[in-house]
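K.L.:
No letters, just coordinates:
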Ligand code: F6P
């Protein structure tokens, strides 16, 4: 019987742990199962354009600790891909290249978008396995995604360092943390870093509530505060404006987009005005996705990647490999694709933060 041939691609935003996961899938396929492995470049675009690279021992060694992805990535979608300036459905091209490369299975490393694209290809008859990757930790059906723990450490250390300026200059430091739809990263780093205010996409905030919490701290002899704000957090006004725009099926106008884009700066100005304290903004951005993965992310990526190779060996496809407690479990893509794991309002992390006096703008 000929050796199984497995394709790997990384799609969506890069994140720490991607190379660790590529290494795990590759080494387990090659060394443990005797399969062949081929890497496709730049996400689904590389498969659509048939751009690949061999993944053998040499390419897989020394990458466990490397940030980013040796395959490259993109946010290109198989069914809506820009080709010669036009949006084209490249699903058939992908299926053709999958066949022409003699693939028995395709392992897609990515977040929510990748999960939906993996299901689309599974519905086209491709044997697909998805591994949950994102610093946002917002993939439904898995306890954790690789990338989150490393970003949590980076954002926490940033908050630790920002305390120096805050208490030296008696300032408000507003630190923007990644997480568009879900506030896991801002919540976790805010708690770990001891932020006085944490603003989440899940809890539209009242600026006055934030300002009063900061004024209260000043009255109690602490004329400085750290405000950890998720990039997707919205004030009550912005939340209402967005809902109204979406409600009327109107595209959010350029003016609203501009206001939304600069909302962290706007929040900082408002707080400065309302409290009389100087305010400064730090936007952590892609720092949170850079550099070597944490030990926990290397461990998680290795567990998920080797589990994917084992599932290929027994022909289980159309699934995400989920981390569930101490185990890994195959979860049907049709059950999870399209869902986003946001922070439940009653989550114990929120309750715990409130108990140490953290304000959530509500
Ligand atoms: O999905 C992960 C993420 O880092 C989000 O937290 C962030 O909003 C987004 O990617 C940024 O995307 P890009 O790297 O394409 O600017």
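P.N.:
Received, thanks. Everything quoted here is computed from the prediction, not taken from an experiment.

K.L.:
Quick one: neighbours of the residue in the stretch 51-200 of the chain that the ligand sits nearest to, just the number.
P.N.:
Closest residue of the stretch 51-200 of the chain to the ligand, CB to the nearest ligand atom: residue 178 (3.4 Å). Every C-beta, even on glycine, is put in place using the N, C-alpha and C of the backbone. Residue 178: 24 surrounding residues under other CB atoms under 10 Å.

K.L.:
got it, and residue 188?
P.N.:
By other CB under 10 Å, the residues close to residue 188 number 25.

K.L.:
and what of residue 207?
P.N.:
Residue 207 has 18 nearby residues by other CB under 10 Å.

K.L.:
Test my guess that it contacts residue 271.
P.N.:
Yes - with contact defined as CB atoms under 8 Å, residue 207 counts as touching residue 271 (7.1 Å).

K.L.:
List, one by one, the residues from this structure near the ligand.
P.N.:
13, 111, 134-136, 178-180, 231, 289 (CB under 6 Å from any ligand atom).

K.L.:
Any of those residues buried? List them.
P.N.:
13, 111, 134-136, 178-179, 231, 289 (16 or more other CB atoms under 10 Å).

K.L.:
Name the pair among those with the greatest separation in space.
P.N.:
Across those, no pair lies farther apart than 111 and 231, at 15.1 Å, counting by CB to CB.

K.L.:
OK, contacts around the spatially closest residue to residue 91 that is not a sequence neighbour?
P.N.:
Leaving out its chain neighbours, the residue that sits closest to residue 91 by CB to CB, 6 or more residues apart in numbering is residue 78, at 4.8 Å. Going by CB atoms under 8 Å, 6 or more residues apart in numbering, residue 78 touches 44, 47-48, 89-91, 94, 117, 120-121.

K.L.:
Can you name the two of those residues that sit furthest apart?
P.N.:
Once CB to CB is applied, the contacts of residue 78 give 47 and 89 as the farthest pair, at 13.9 Å.

K.L.:
what about those two, which has more around it?
P.N.:
residue 47 (29 against 13).

K.L.:
Next one: that one from residue 38, what distance?
P.N.:
Here residue 47 is placed at a distance of 10 Å from residue 38 (CB to CB, to the nearest Å).

K.L.:
Mutual contacts of those two, please.
P.N.:
Jointly contacting residue 47 and residue 38 under the rule CB under 8 Å, 6+ apart are residue 7.
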